[in-house]
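Engineer: with the input below, show me the fold.
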Amino acid sequence: MPRSSGPDRRALRQGFVLAAVLTVPTATAAIVSALVRTRAAENITLLVAVAFVLVASQLFPEGRLDLGLCAVLSITAAVLAFFWAPLAVLDLRGDPVTATVSGVHVIGGKQRMYQYQLRGPDGRTLPGALTEYQDVYRTGDRVDVVADRDAELDPVEAGDLDGVRGLGLATGALLLLTVAASVPVGSRHHMEQVASPFRRYRPRH
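Structural biologist: Numbers count the residues shown, from 1 in each chain. Purely as a prediction, here's the structure:
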């Protein structure tokens, strides 16, 4: 009689469970980076990524080396998604604007952040702030930016959108690699768990 495909399906299902757990950080990074305008966005993304890697390690406690590779792919994809998502949205619905710096707000810490308030050609303040990690502008300087016409995202320098498609391809490729690596790791773990009792308690002939 042909063997039942039940165990194989269960093993494959476990593989997809691991893949799903490790793709959550990438989705979270994309959403958080597009919606949260504070410095806390980076911390939220990092905490979510670490939390789901820990969840995966508890669900699949064996095969630590393979799981470690999957975790590295997952976190790398999340980091790229964090930077790519808001740029991708602005690439779709952003308007180029030659703005004037009207003020600057410095956020202290280990690495300072400079948030520049901008005015458009009509004199109105642009929603959000242009964020830089170096003090590159002074009040009155003119800068070419892309501003969100829906006023939900911060403006970015026009040049920041030059590599958005390449960054998106890299993010997608790493996400696919995460899934491709996670499915066999999760499936193999399930098969080892099923086979281990039979290796320990072999029937006597």
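Engineer: give me the buried positions along stretch 137-157.
Structural biologist: For stretch 137-157, the neighbour count (16 or more other C-beta atoms under 10 Å) marks 137, 143, 145, 146, 147, 148, 153, 154, 155, 156 as buried. For every residue, glycine as well, the C-beta is placed using N, CA and C.
Engineer: nope, stretch 85-105 is what I was after
Structural biologist: In stretch 85-105, counting by 16+ other C-beta under 10 Å, buried: 85-91, 94, 97, 99-101, 104.
Engineer: tell me the SS of the residue nearest to the spatial centre of the chain?
Structural biologist: Taking C-alpha atoms, centre = their mean, the centroid of the chain lies closest to residue 78, which sits 2.3 Å from it. At residue 78 the chain is in helix, as set by DSSP: H, G, I helix; E, B strand; the rest coil.
Engineer: does it really touch residue 28, like I thought?
Structural biologist: Yes. Taking contacts as C-beta atoms under 8 Å, residue 78 lies within contact range of residue 28: 7.2 Å.
Engineer: parallel or antiparallel, which strands does the top strand by length along the chain pair with?
Structural biologist: Counting residues, the longest strand in the chain under DSSP state E turns out to be strand 94-107. Next to strand 94-107 in the sheet, as set by DSSP bridges, lie strand 113-119 (antiparallel), strand 142-148 (antiparallel).
Engineer: spit out the contact partners of the spatially closest residue to residue 168 that is not a sequence neighbour.
Structural biologist: Distances taken as C-beta to C-beta, 6 or more residues apart in numbering place residue 84 nearest to residue 168, at 5.4 Å, with adjacent residues excluded. The contact partners of residue 84, taken as C-beta atoms under 8 Å, 6 or more residues apart in numbering, are 30, 164, 167, 168, 171.
Engineer: from the residues you listed, which shows the smallest pLDDT?
Structural biologist: By pLDDT, residue 30 ranks lowest within these, coming in at 88.
Engineer: about what we covered before: and the angle from whichever strand or helix holds the residue nearest to residue 168 to strand 94-107?
Structural biologist: Assigned by DSSP states H and E, residue 84 belongs to helix 64-93. Here helix 64-93 points in a direction 120 degrees away from that of strand 94-107 (axes from the mean of the first three to the mean of the last three C-alpha atoms, to 10 degrees).
Engineer: so for stretch 59-78, mean pLDDT?
Structural biologist: On average, stretch 59-78 scores 78.
Engineer: give me the contacts around it.
Structural biologist: Against stretch 59-78 from outside (C-beta under 8 Å, 6+ apart): 17-18, 21-23, 25-26, 28-29, 45, 48-49, 52-53, 56-57, 171, 174-175, 177-178, 181-182, 185-186, 188-189, 192-193.
Engineer: now that stretch: buried residues?
Structural biologist: Buried, per 16+ other C-beta under 10 Å, within stretch 59-78: 60, 63, 66-67, 69-71, 73-78.
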